[in-house]
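Asker: Structure for the following, please:
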Amino acid sequence: MTEPLTLTTGEAPDEEPGEESGRPSRGRGRHGFLLGAAVLVTGAVAAGAVVLSARTDGPGAPPAGPRTGTATVVRTDLVQSERIDGTLGYADAYTVTAPRAGGIVTWLPDVGVTVARGERAYAVDGVAVPLFYGETPLYRALEEGVDDGPDVRVLKRNLKALGYGDELADDGRFSSGTAEAVRDWQEDRGRERTGKVAPGDVLVEPGAVRVTEIPGIVGAPAEGPLLYLSGTRRVVTVDMPVGRQQLARNGAAVSVRLPGGKATAGKVSRVGTVARAAATGGPDRGAGSPGGDATVPVEVTLSKPAEVGKLDGAPVQVDFTSERRDDVLAVPVPALLALAEGGYAVETPEGRLVPVTLGVFAQGRVEVAGAGLREGMRVEVPLP
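Answerer: Numbers count the residues shown, from 1 in each chain. Got it, this is the predicted structure:
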């Protein structure tokens, strides 16, 4: 666990280092780093390293040092991340099309409704079409004497799951027991006991589905698209710029920042392999035309879907890990001092400078290493 930053107020005494002190030179004054010249700090350090030159509060006034506090050198894990925009929604997409011409649509569900196994997905001519789970749709009429096939297995598995034909074998053979289970199912649904199932009698999808759009119209002929569906698994979709594709690794942990600032955990569940050009619009470039950076689709599965509530289509931000350093010594970035001779150091409350080598910057801290540096030692930081 990362130790929180604690500050102890105090004034560090002014000191003029002697020529034989054996310590790195800080220049003239409390934190002066060049004799009469400014120090330029570039890169990531520029945002946080302490770079102070000697100052006076008026003609002839003595140098005045800044107010300082202390923080602890901690041993921790540092994670450097990059934040990419994404969209919260549901996994997968399906289109339900009328299986055959003829008939009138007599019932359709509402947008946002979830349909589970055995429940009515839609109705034609007053006959409900229930949902079955499976990877193979019913592509032929199934009855005794039909050739074995994966569609028969789908039918038998769903009948058993709904309480019909407990003794049915898990195979692709349409047996007399299968026909009897079909008749019992048909009777309970108010259908004729034929023992036969046609493709349009059930809708087959991989699992429970959620209604996202309804192109069909009650009272209109049952033809063309009737429903647009999605899965029920909550996911975040990210259009990852190709130049940063290496950030998305299957199974990698990420943090998802929701509207309002709350964060929730997730992991990368799918990384697309086909890049697509960004769409831009304008007088000379219609929507969908190539432009901007190409992207690949990245899917993130949420570890705790309940934390996002009923949000759908909401903009979110995903933090992808770009670099990680485990079990390293770290200090707050403002604790860094730029040395006149080059490099950086931290200073103890006793005024001793400890040269350090810098590593990863993350979470307001920086990885440091150097002789004389140890976990738990106190270093100075400027007070706000």
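Asker: low-confidence ranges in the stretch 201-350 of the chain?
Answerer: 278-292 (pLDDT under 70).
Asker: 50 instead, please
Answerer: For the stretch 201-350 of the chain, applying pLDDT under 50 flags the ranges 281-291.
Asker: Also the stretch 51-200 of the chain?
Answerer: In the stretch 51-200 of the chain (pLDDT under 50), the answer is 51-62.
Asker: wait, what's in contact with the nearest residue to Pro206 once chain neighbours are set aside?
Answerer: Once flanking residues are discounted, Pro206 sits nearest to Glu135: 6.1 Å by Cβ to Cβ, 6 or more residues apart in numbering. No exception for glycine: its C-beta is placed from N, CA and C like everyone else's. Glu135 sits next to Pro150, Val154, Pro206 when contact means Cβ atoms under 8 Å, 6 or more residues apart in numbering.
Asker: Starting from Val115, give me the distance back to Glu135.
Answerer: Distance of Glu135 to Val115, computed by Cβ to Cβ, to the nearest Å: 17 Å.
Asker: Which parts of the stretch 51-200 of the chain are strands?
Answerer: 68-72, 74-90, 93-97, 105-107, 114-115, 120-124, 127-133 (DSSP state E, counting those that start in this stretch).
Asker: If you count contacts, what does the fourth one end up packed against?
Answerer: Counting by 3 or more Cβ pairs under 8 Å, 6 or more residues apart in numbering; DSSP states H and E, the packing neighbours recorded for strand 105-107 are strand 120-124.
Asker: mind listing what's buried in the strand it packs on?
Answerer: Arg120, Ala121, Tyr122, Ala123, Val124 (16 or more other Cβ atoms under 10 Å).
Asker: Does Thr194 touch Gln186 like I think?
Answerer: Yes: using Cβ atoms under 8 Å, Thr194 makes contact with Gln186 at a distance of 6.7 Å.
Asker: from what I can see Gly69 touches Leu383, true?
Answerer: Yes: contact status for Gly69 versus Leu383: in contact at 5.1 Å, counting by Cβ under 8 Å.
Asker: The two: who's more crowded?
Answerer: Comparing Gly69 with Leu383 by other Cβ atoms under 10 Å, the one with more neighbours is Gly69, at 19 against 13.
Asker: For the residue nearest to Arg120 when sequence neighbours are not counted, list the residues it contacts.
Answerer: Nearest residue to Arg120, sequence neighbours excluded (Cβ to Cβ, 6+ apart): Ala128, at 4.2 Å. Contacts of Ala128 were listed using Cβ under 8 Å, 6+ apart, and they are Trp107, Arg120, Tyr122, Arg189.
Asker: measure Ala128 to Gly376 for me?
Answerer: On the measure of Cβ to Cβ, Ala128 and Gly376 end up 70 Å apart.
Asker: In the sheet, which residues pair with Trp107? Tell me.
Answerer: Assessed by DSSP bridges, Trp107 has beta-bridge partners Ala123.
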